[in-house]
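Peer 1: I'd like to go over a predicted model; first the sequence, then the structure.
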Amino acid sequence: MLTCDFDRLELTHGDRILDMGCGGGRHAFAAMKRGARVVALDYSEGELKDVRATVAAMDQAGELEPDLSFGTINGDALKLPFADGSFDAVVCSEVLEHIWDFRGAIKELVRVLRPGGRMAVTVPTRWPERVCWALDPDYHNSLGGHVRIFRQHELEQELENSGLWLRGSHHAHALHSPYWWIRCAGGVNEPDKPIARKYHDFLSWQIIKNPRWLASVDRLLNPVLGKSLVVYTQKVTP
C-alpha cells in the first residue's frame with residue numbers, strides 16, 4: 001500500500017528516482033514496476049538486505065524489466081552520497097519526523113534533485129499523531145521514535161524555503177490511525193494484545209485484497225482521519 005501517488009509525482013519510464021529512507025522498500029518496488037531506475041537508501045542495513053531479497057524475488061518472478069537499474073545504499077540523510085541533480089524524482093516517506101535536523105535533510109534532498117524534478121514528502125498528520133503521543137510516551141521517546149509533529153503549513157513553508165514549488169497535497173491511510181491509537185492505548189511496545197492483533201490482521205487483509213468498498217471508505221475518511229500527510233513539490237528551475 002503506497003503513501004505517495006506516482007501519477008501526481010509524474011514518474012515516468014526511465015526516470016531515476018531516490019527512495020530516501022526506504023524502509024521495507026514499498027515505494028522502491030512500485031517505482032521499479034513502472035520502469036524507473038531506483039536507488040533505495042536507508043540507515044538500516046537490515047532493511048536494505050530485505051529490500052534486495054524482495055527485488056531478487058520480483059526479478060525471478062518476471063515482474064521487472066530485464067536489466068532494470070536498481071541499487072541500495074546504506075547512508076545518512078544529512079550526507080547523501082550523490083552529485084547535485086542526480087535524480088529526476090525523490091520520495092521521502094515517513095522519515096523527517098525521525099530526524100532532529102530535518103531542515104538539513106530537506107536541503108540534501110533538494111540538492112540531489114534535478115531542476116524541474118519532482119519530490120513527494122510524507123509525514124504523520126498532526127492530530128492523529130498528537131493522540132498517539134498523548135496515549136503512550138514510548139511512542140515518541142523510544143530509540144528511533146518520532147522527535148517532532150509537523151503542522152502542514154509549517155512543513156510546506158520549509159519546503160518552499162528550500163527551493164521547491166508546492167504542487168498539491170492529500171492525506172492517506174485513514175484506517176491506520178485507529179490501529180496506532182489502539183496500539184498506544186495498550187502500550188505501543190505490546191503489539192500482540194488481542195485487539196491490536198485483530199486490527200492488524202484487518203489491515204493486512206485490506207492491503208492484500210483491497211476491496212473496492214473498503215478503498216472507497218478509506219478515501220472518504222482520508223481528509224479527516226488520514227494517518228499520513230503527503231506533499232508534492234517541484235524543484236525551482238533557475
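Peer 2: Ah, there it is.
Peer 1: grab the nearest non-local neighbour of Leu68.
Peer 2: Met32 (6.1 Å; CB to CB, 6 or more residues apart in numbering). Using the backbone N, CA and C atoms, a C-beta is placed for each residue, glycine as well.
Peer 1: now do that neighbour against Ala56, distance only.
Peer 2: Met32 is 12 Å from Ala56, where distance means CB to CB, to the nearest Å.
Peer 1: looking at those two, which is more packed in?
Peer 2: Met32 (24 against 12; other CB atoms under 10 Å).
Peer 1: same for the helix or strand that contains the more buried one, what does it pack against?
Peer 2: If you go by DSSP states H and E, Met32 is part of helix 26-33. Taking 3 or more CB pairs under 8 Å, 6 or more residues apart in numbering; DSSP states H and E as contact, the helices and strands that helix 26-33 lies on are strand 16-20, strand 37-42, helix 45-60, strand 87-93.
Peer 1: and Met20, how far from Trp127?
Peer 2: Using CB to CB, Met20 is found at 26 Å from Trp127.
Peer 1: who's more crowded, these two?
Peer 2: With neighbours defined as other CB under 10 Å, Met20 and Trp127 compare such that Met20 has more, 27 against 11.
Peer 1: just checking, the more buried one touches Leu41?
Peer 2: Yes: using CB atoms under 8 Å, Met20 is in contact with Leu41, at 5.3 Å.
Peer 1: quick check: neighbours shared by the two?
Peer 2: Ala77, Leu80 (CB atoms under 8 Å, 6 or more residues apart in numbering).
Peer 1: helices along the chain, start to end?
Peer 2: 6-9, 26-33, 45-60, 102-112, 126-135, 138-141, 152-161, 176-186, 194-209, 212-225 (DSSP state H).
Peer 1: relative to Leu78, which of the ones you listed is closest?
Peer 2: Proximity to Leu78 (CB to CB) singles out helix 102-112 among these, at 4.9 Å.
Peer 1: so what angle separates the directions of that closest one and strand 37-42?
Peer 2: 160 degrees (axes from the mean of the first three to the mean of the last three CA atoms, to 10 degrees).
Peer 1: list the helices and strands helix 102-112 packs on?
Peer 2: strand 16-20, strand 87-93, strand 113-124, helix 152-161.
Peer 1: model confidence over it, on average?
Peer 2: Across helix 102-112, pLDDT averages out at 98.
Peer 1: grab the most central residue of this structure for me.
Peer 2: Ser93 (1.9 Å; CA atoms, centre = their mean).
Peer 1: beta partners for the nearest residue to that one once chain neighbours are set aside?
Peer 2: Of all residues not flanking Ser93 in the chain, Thr122 sits nearest, at 4.4 Å (CB to CB, 6+ apart). In this structure, Thr122 bridges to Ser93, Val230 when assessed by DSSP bridges.
Peer 1: C-alpha coordinates for the lowest-mean-pLDDT helix or strand in the chain, PDB please?
Peer 2: Every helix and strand in the chain was compared by mean pLDDT, DSSP states H and E; the lowest is helix 138-141, with a mean of 91. Provided in PDB are the C-alpha atoms of helix 138-141 (Å, rounded to 0.1, in the frame of the first residue of the first chain):
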ATOM      1  CA  ASP A 138       7.000   5.400  24.500                       C
ATOM      2  CA  TYR A 139       5.600   6.100  21.000                       C
ATOM      3  CA  HIS A 140       8.000   9.100  20.700                       C
ATOM      4  CA  ASN A 141      10.500   8.500  23.500                       C
END
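Peer 1: name the helices or strands packed onto that helix?
Peer 2: By 3+ CB pairs under 8 Å, 6+ apart, helix 138-141 packs against helix 126-135.
Peer 1: show me what the helix it packs on is packed up against.
Peer 2: Applying 3+ CB pairs under 8 Å, 6+ apart, one finds that helix 126-135 contacts helix 138-141, helix 176-186.
Peer 1: right, I'll call it a day here.
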